[in-house]
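Engineer: what shape does this take:
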Amino acid sequence: MVMPWRAAARRFPVLAIRDFRLLLADRLLAPAAVAFSMVGVSFAVLDITGSTADLSYVLAAQIAPSLVFTLISGVISDRIPPQRVIVAANVMIAVAEGLLGLLVLGGDARLWQMILLEALTGVGMAVFWPASQALLPKIVPDPLLQQANALSRLAMNGAQMGGAAVAGVVVAAVGPGWAMTVCGIGLLGTIPMLLAIRAPGHQRAAGEEAGMLRELREGWSEFRSHTWLWAIVLQYAVVMMAWYGSFQVLGPPVAKAHLGGPAAWGAIASAEALGLVVGGLVSLRFTPRRPLLFVVSIGAVVALSPLSLAMRWPLVAICLAAVVLGVAMEIMVVQWSVTLTRNVPPGKLARVSAYDALGSVMAMPVGALVAGPIAAEIGLSVTQYGAAALMVVASGLALLPRDVWTLRSPSPGDAAETPPVPTSSTSG
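Structural biologist: Numbers count the residues shown, from 1 in each chain. Model prediction:
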């Protein structure tokens, strides 16, 4: 009898790699679990305090740890096997979300507790990203990277889509406490799969000096040596700040007041995840010739999110817009990940990814903190219109560097034939 993955590996050779299959299983379970938190936390705050300003503080606490722990994770993930770093990240998120869920279920949750526990979740999220970026190139050969990125993110987004849909129903039916408890249990279930992955840590050359500050400087030197890299990271710092405040913070209040509450917000999250799934399928075949120009352009398309809420579109129209945006965003993320992997030395990739993640999210706490108070003063819609305009302007400025226009993807004829996958990688 032929195992299902062996049949699939004939079409997608990356599935022949044992460690990639384990990673794929993790990326099905973890995002499905996290989707319960994405819906549950916002409505837990709104149910308990009724304040958009309080929601701003809680979500800012979730993002703020990225300013410190992303860089630390980048250094550690270049030293030790990155899957172990991901295990630590998942444990932190599981503990924080599980405890918050129990507090909400017991009717004892206070604002300071929600801020503290979401800060712990934020540490886990910050630690996860550089390790996740560093892991894939360690278990997949270069010619299969785009296929691996696309399949990996396809699994993540499909799981998030299903998780968000179920989470919206759960929150509407039995409350947000159960949703966050499910998140904690699901993330603990990923640990055995991650520990079974055999990816090594970075092998240092003889005489190579170690030290966190030295390694951070090396990563920074590599990061700033690529004009296209820091210019696009600055663009997305502005885009993500505006998006997080106008959509993630102000979206749930709009859903509660005008669209039907948590079930509607879960439907929007599911629609975006559906778009991400479709985008992942497209990414298996589609490669833009100018990947950086494509990445920059999508930054302006993100303005569709706050505009759809500001203009009070019907729920169906907002969901359709979310699908379109999800498709575009997923193709963009795959192209960005592949471009980074191909243009940054493997021994520095986690640190450069850490600076990328830090730059992209460093202004998100500002967006989270100011969105609620600004909306209270000038109104939800005006705030969301302003955020959309800011995204478009930032994306226009990011078109200025020459590299954005000239860096091209390798054509199929440029790529070497895919080498056979080593037996040790495919066993099991």
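Engineer: now the helices for the stretch 51-200 of the chain?
Structural biologist: Remark: helices assigned in the stretch 51-200 of the chain by DSSP state H, counting those that start in this stretch are 52-63, 66-77, 82-105, 111-139, 145-174, 176-188, 191-195.
Engineer: so for I232, which of the ones you listed sits nearest?
Structural biologist: In terms of C-beta to C-beta, the element of the helices of the stretch 51-200 of the chain nearest to I232 is helix 111-139, at 15.4 Å. Quick note: C-beta positions are derived from backbone N, CA and C, even for glycine.
Engineer: what angle do that closest one and helix 145-174 make?
Structural biologist: Angle, helix 111-139 to helix 145-174, by axes from the mean of the first three to the mean of the last three C-alpha atoms, to 10 degrees: 150 degrees.
Engineer: what about helix 111-139, distance to the chain center?
Structural biologist: 10 Å (C-alpha atoms, centre = their mean, to the nearest Å).
Engineer: for it, packing partners?
Structural biologist: Applying 3 or more C-beta pairs under 8 Å, 6 or more residues apart in numbering; DSSP states H and E, we find helix 111-139 packed against helix 18-49, helix 52-63, helix 66-77, helix 82-105, helix 145-174, helix 315-343, helix 349-361.
Engineer: for M240, find the nearest of those.
Structural biologist: With C-beta to C-beta as the measure, helix 349-361 is the member of the helices and strands packed on helix 111-139 nearest M240 (5.6 Å).
Engineer: which element is the residue nearest to A172 when sequence neighbours are not counted on?
Structural biologist: Using C-beta to C-beta, 6 or more residues apart in numbering and skipping the chain neighbours, the partner closest in space to A172 is A263 (4.5 Å). Element membership for A263 (DSSP states H and E) is helix 262-283.
Engineer: for V393, same thing?
Structural biologist: Counting by DSSP H and E, V393 is found in helix 380-397.
Engineer: state the distance from V239 to T406.
Structural biologist: According to C-beta to C-beta, to the nearest Å, V239 stands 23 Å off from T406.
Engineer: comparing the two, which shows the higher neighbour count?
Structural biologist: V239 (27 against 11; other C-beta atoms under 10 Å).
Engineer: following the chain past the helix or strand encompassing the more buried one, name the next helix or strand.
Structural biologist: Using DSSP H and E, V239 sits within helix 227-243. Sequence-wise, the next helix or strand downstream of helix 227-243 (DSSP H and E) is helix 251-254.
Engineer: what angle do the helix holding A263 and helix 18-49 make?
Structural biologist: Using the same axes, to 10 degrees: helix 262-283 against helix 18-49 is 160 degrees.
Engineer: mind giving me the packing neighbours of helix 262-283?
Structural biologist: helix 18-49, helix 145-174, helix 251-254, helix 315-343.
Engineer: from the chain's centroid, how far away is stretch 188-205?
Structural biologist: That offset, for stretch 188-205, works out to 20 Å (C-alpha atoms, centre = their mean).
Engineer: correction: stretch 287-299
Structural biologist: The answer for stretch 287-299 is 18 Å, by C-alpha atoms, centre = their mean.
Engineer: what's in contact with that stretch?
Structural biologist: By C-beta atoms under 8 Å, 6 or more residues apart in numbering, the residues outside stretch 287-299 that reach it are 146, 228, 232, 235-236, 239, 328-329, 331-332, 335-336, 338-339, 391, 394-395, 398-399, 403-409.
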